[in-house]
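Participant: Show me how the following folds:
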Amino acid sequence: MIHAISQRSTRSVRTEATEFPDSRRIHDEVGEAAKRYDESRAKLLRLMASLKKQHHLMVKTSEKRLETAKQFENFLADTPLSKMVSEVGSAEAKTKVFARSQPEKPKTREKEEVEPVLSPPLETIESGDTGSRNSGSAEAQKEEELLVSRSSSSVTSEETGEREDNIAGGEAVLARAKEDYSIDGNMTEEGILITGDEAAGEEIKEELDGKPEAKPAESDEEIARRLAKQWEEEAEEWKGSPVDAADDAIIQACGTDVTESIVSHDSSVPELAADNKPRTPPASKGKKNEKEKIPHQQAFPPLVVDGSDFDKVDHSYGAVHEAANKLTDLYADQYSSNIIKYVEEWDKASYTRIQGRLLEFERMKSNLEHYVQKVDGLRSGIKKREGSNRKISPKASQRFDRNELKLGGAREAYDSYGESLLLLLEEVTDRAWRDCFPLLMRAMQFDVNFSSDQAKVFSALNETVERLEKLGVGREVDPDGRIRSLKESKPEEIYTGGKNVVPPVHSTRDVYEV
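Facilitator: Here you go, the predicted model:
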């Protein structure tokens, strides 16, 4: 327990001749703040003890679970279940079970999405083969790729972009085919169409003939006009609010001419209309300033990730508990260095500083009381001499003045030091939550990541459980056990050593009868 004021100096800093109300107030407030700190530190020490106990139990529990798995392994050695409880003989079961990445979906070829499907080139069609509209064979796909590749040399960049935009409808592929077949001048548009489907061909032909031409790319001025028009439409909604940062970025990227164009189309923005200069984009909403950003460090990063030691593990009961115990040891080390060490350093830093300052404050109080008593004694002596009409010596007068100056200095030092100590006590007591914030954050990160990683480790037992169930069905094992049978049934009925076992003919009673 820290005592701000010693037992021998509980009286206030006050005498008959000298009174310091500020010093007395500081003295009382420091004493109350010191008591509150003692209560707060007692709670912190209980929290520290609980954290250390959790760390100890976490390691012990993991070790006990591993010991249980080892006992299972020992009990079931050389049995049909041995491979499911130990790593022996189950190396082939090792597989990637943690941080499973989703299997990549096979990329769908764009040509498969095109509908309708073109028939093979006419020069490759054998006699009597009219092609197939819905052909999905490898030869048809190969011929189709050949068809597109032959026409790719004449495709410009604009046409290539158009083909990508309209690939879902199959228009571009048909257009390329039409261009390819019209090179020799012997084929008509009807020849390009899919053989055997006149109606569909006519529809595609009309689609090709009526297809609108590709729009040319917008110039900078057109982009500016379009943005300005959009700006005017949204002006009523914005009601003079700052332009969105994204729009400002687009305007600045387009150049000064574009900005002037926007100014000419929008007179509702006085900043732009005044100087024809792009405004500085406002700070994005929801983002803090650089000074307000709080650096955050991940104290407990997940350990069960791709490429880690836990990336592959045996599916047996013992191997999974080995991995879980190793994982717990790693987390326990991080728990000790990031949580327990932090709370110990927190308590040490605040306690040692406050303890030292309280001792210094007590020393300064004793010094102040010393000069108070000394000045009061000198003043009393001077008053007595004055009352008896005796002359006061210059030496006594100088001594009084000197000690009075020392008293003033001691009082100022005491008050200043007491105010500073009071601020420190209030900060570490009333706003201790700021110091607890990193501790709570780390504790939550530990709970989330440790539980998640443990779940990933033990999820490897899902496959073992499935194998165990299949083995039980194959061996006709009762999942509820056979304790009742062991109590009541005859040995011949519960015996599972072999199907051709012949029950004994003679009992003990028969032997005696013989």
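
Participant: buried stuff in the host helix or strand of Glu463?
Facilitator: Using DSSP states H and E, Glu463 falls within helix 461-474. By neighbour count, with 16 or more other Cβ atoms under 10 Å as the criterion, the buried positions of helix 461-474 are 461, 464, 468. The way it works is simple: take the backbone N, C-alpha and C, and place the C-beta from them, glycine included.

Participant: Ok, stretch 349-364 next?
Facilitator: By neighbour count, and taking 16+ other Cβ under 10 Å as the criterion, the buried residues in stretch 349-364 are 350-351, 354, 357-358, 361-362, 364.

Participant: Switch these over to a markdown table; also include distance to Glu427 and pLDDT.
Facilitator: Listed next are the buried residues of stretch 349-364 as a markdown table, based on distance: Cβ to Cβ, whole Å; pLDDT from 0 to 100:
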| residue | distance to Glu427 | pLDDT |
| --- | --- | --- |
| Ser350 | 9 | 94 |
| Tyr351 | 14 | 95 |
| Ile354 | 10 | 94 |
| Arg357 | 12 | 94 |
| Leu358 | 15 | 94 |
| Phe361 | 16 | 94 |
| Glu362 | 20 | 93 |
| Met364 | 21 | 92 |
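
Participant: rewinding a little: helices or strands up against the helix holding Glu463?
Facilitator: Here helix 461-474 is seen to pack against helix 82-85, helix 317-335 when contacts are counted using 3 or more Cβ pairs under 8 Å, 6 or more residues apart in numbering; DSSP states H and E.

Participant: looking at those, which is closest to Lys490?
Facilitator: helix 82-85 (29.1 Å; Cβ to Cβ).

Participant: on that earlier part again, now, which of the buried residues of helix 461-474 sits nearest Gln373?
Facilitator: Sorting these by distance to Gln373 puts Leu461 at the head of the list, at 79.4 Å, by Cβ to Cβ.

Participant: Next one, pLDDT for Asn289 please.
Facilitator: At Asn289 the predicted local distance difference test score is 47.

Participant: which stretches of the stretch 351-500 of the chain form helices?
Facilitator: Under the criterion DSSP state H, counting those that start in this stretch, the stretch 351-500 of the chain carries helices at the ranges 394-430, 433-458, 461-474, 483-488, 491-494.

Participant: Which neighbouring elements make contact with the second one?
Facilitator: Put plainly, it is helix 433-458. Right, helix 433-458 is packed against helix 317-335, helix 341-387 by 3+ Cβ pairs under 8 Å, 6+ apart.

Participant: rewinding a little: format the buried residues of stretch 349-364 as JSON lines; extra columns: distance to Gln71.
Facilitator: As requested, the buried residues of stretch 349-364 are arranged in JSON lines below (distance: Cβ to Cβ, whole Å):
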{"residue": "Ser350", "distance to Gln71": "47"}
{"residue": "Tyr351", "distance to Gln71": "46"}
{"residue": "Ile354", "distance to Gln71": "52"}
{"residue": "Arg357", "distance to Gln71": "57"}
{"residue": "Leu358", "distance to Gln71": "56"}
{"residue": "Phe361", "distance to Gln71": "61"}
{"residue": "Glu362", "distance to Gln71": "61"}
{"residue": "Met364", "distance to Gln71": "66"}
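
Participant: Pop the domain breakdown of this protein in here.
Facilitator: 110-209, 220-275 (automatic domain parsing).

Participant: Now tell me which of these the model trusts least on average.
Facilitator: domain 110-209 (a mean of 47).

Participant: my read: Asp347 touches Arg46, true?
Facilitator: No. Asp347 sits out of contact with Arg46 when judged by Cβ atoms under 8 Å, with a separation of 11.4 Å.

Participant: Compare neighbour counts for these two and give me the winner.
Facilitator: Set side by side, Asp347 and Arg46 give different neighbour counts by other Cβ atoms under 10 Å, the larger being at Asp347 (16 against 10).

Participant: now the more buried one: how far from Ala432?
Facilitator: 11 Å (Cβ to Cβ, to the nearest Å).

Participant: can you list residues touching both of these two?
Facilitator: Counting by Cβ atoms under 8 Å, 6 or more residues apart in numbering, the common neighbours of Asp347 and Ala432 are Leu44.

Participant: returning to what we had before: give me whichever of the helices and strands packed on helix 433-458 is most buried.
Facilitator: helix 317-335 (a mean of 20; mean count of other Cβ atoms under 10 Å).

Participant: Does it pack against any helices or strands, and if so which?
Facilitator: Using 3+ Cβ pairs under 8 Å, 6+ apart as the contact test, the elements touching helix 317-335 are helix 21-75, helix 82-85, strand 312-313, helix 433-458, helix 461-474.

Participant: Check those for me and report the most buried one.
Facilitator: Among the helices and strands packed on helix 317-335, judged by mean count of other Cβ under 10 Å, the one packed with the most neighbours on average is helix 82-85 (a mean of 21).

Participant: I'd assumed Thr429 was in contact with Ser350.
Facilitator: No. Here Ser350 lies out of contact with Thr429, judged by Cβ under 8 Å, at a distance of 9.2 Å.

Participant: residues touching Tyr317, list them.
Facilitator: Tyr317 is in contact with 69, 72-73, 84-86, 461, 464, counting by Cβ under 8 Å, 6+ apart.

Participant: Going by distance to Val30, which of those wins?
Facilitator: Closest approach between the contacts of Tyr317 and Val30, by Cβ to Cβ: Ala69, at 58.2 Å.
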